[in-house]
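Asks: Below are the sequence and a predicted model; questions follow.
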Amino acid sequence: MTIDQNDLLVECFKNGADDHDSGFVVHFFSDHDADSISISQEIDSYLETRLFDAIMTSSAWKCRRVNARLAPVVTKILDIDPDQPTVVAIKHGVMVTKQT
C-alpha cells in the first residue's frame with residue numbers, strides 16, 4: 001500500500017508508538033532514474049513474494065510504500081537518501097533497522 005508522508009508519520013510513528021504489537025516494513029522507493037526504478041521494482045517484488053506470507057500470518061506487521069522524493073521530512077529524520085531505494089522496519093514508533 002502506497003501512502004504519503006503525513007499518513008506515514010501518523011500511522012507508523014504516532015499510532016505505532018501507542019500500539020506495542022504493531023510493526024511496519026516501509027519501502028521508500030525512488031523514481032530518480034531508470035536504475036532506481038528498476039531496483040525499487042525488484043524490492044517491491046521481493047517484499048510481495050518473500051514477506052507477504054510472514055506479514056499476513058502476523059496481523060501485527062504491515063507493509064507500506066512511500067515515494068522518498070515526496071517525503072522530505074521523513075527522509076531527513078531517518079537519514080534516507082531520497083535517490084536510493086531504502087527499506088526500514090519500524091516497531092513501537094521507532095526505526096529498528098534500515099537497508100539501502
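Replies: Noted; the coordinates are in hand.
Asks: Any idea what the closest residue to residue 2 other than its chain neighbours is bridged to?
Replies: Distances taken as Cβ to Cβ, 6 or more residues apart in numbering place residue 65 nearest to residue 2, at 4.3 Å, with adjacent residues excluded. For every residue, glycine as well, the C-beta is placed using N, CA and C. Counting by DSSP bridges, residue 65 is bridged to residue 2, residue 27.
Asks: ok, residue 65 - how many residues close by?
Replies: 19 (other Cβ atoms under 10 Å).
Asks: surely it meets residue 27?
Replies: Yes. Counting by Cβ atoms under 8 Å, residue 65 does reach residue 27; the two are 4.9 Å apart.
Asks: For the spatially closest residue to residue 39 that is not a sequence neighbour, give me its contacts.
Replies: Leaving aside its sequence neighbours, residue 39 sits nearest to residue 85 (Cβ to Cβ, 6+ apart; 4.9 Å). Applying Cβ atoms under 8 Å, 6 or more residues apart in numbering, we find residue 85 in contact with 27, 28, 29, 30, 36, 39, 40, 43, 68, 100.
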